[in-house]
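Chemist: below: sequence and its predicted model.
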Amino acid sequence: MAYTNVKETFDKMPTVFDATKAQGINAVVQYVIDGVGGGNWFIELKGGNCRIEEGTHDSPKVTITMNAGTWLALVNQEISGMQAFMGGKLKATGDTMLAQKIPLIFPL
């Protein structure tokens, strides 16, 4: 199933959460999705659990910024995170190693 809506992807993330891949991670990941249908969401990983909320967090460990089209291409596996980053379509500020783990923790 191809995703066509950014909010739907963040709503789906708790159902695909792989707690085994999140073990030992205590951090907040902030997403800033620009453009039509975008928004701000944060993921709090703590104690093998996750909490995903719409909005912004005061102290994320990494902030990932891209437009809605790039986000949908990522979750639909039409582009890799590395391709998006190298092409200037995705920016990560902070702990980029944590950012690289997110697709393993949330296999959409």
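Modeler: Cool, got the structure.

Chemist: any stretches of the chain with poor pLDDT?
Modeler: 1 (pLDDT under 70).

Chemist: endpoints of stretch 15-23, how far apart?
Modeler: Terminal residues of stretch 15-23 lie 17 Å apart, using C-alpha to C-alpha, to the nearest Å.

Chemist: contacting residues for Lys7?
Modeler: With contact taken as C-beta atoms under 8 Å, 6 or more residues apart in numbering, Lys7 is in contact with Gly37, Gly39, Glu54. All C-beta spots, glycine's among them, are computed from the backbone N, C-alpha and C.

Chemist: so where does it fall, helix or strand?
Modeler: helix 6-16 (DSSP states H and E).

Chemist: mind listing what's buried in the helix or strand just after that helix?
Modeler: Using DSSP H and E, the helix or strand that follows helix 6-16 in sequence is strand 27-34. For strand 27-34, the neighbour count (16 or more other C-beta atoms under 10 Å) marks Ala27, Val28, Val29, Gln30, Tyr31, Val32, Ile33 as buried.

Chemist: tell me where this structure has strands.
Modeler: Remark: strands assigned in the chain by DSSP state E are 27-34, 39-46, 49-54, 62-67, 90-94.

Chemist: can I get the CA coordinates of the last one in CSV?
Modeler: Yep, that's strand 90-94 we're talking about. The C-alpha coordinates for strand 90-94 follow below in CSV (Å, rounded to 0.1, in the frame of the first residue of the first chain):
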residue,chain,number,x,y,z
LEU,A,90,16.7,15.9,3.5
LYS,A,91,18.5,17.7,6.3
ALA,A,92,19.4,16.3,9.7
THR,A,93,20.7,18.4,12.5
GLY,A,94,22.1,16.7,15.6
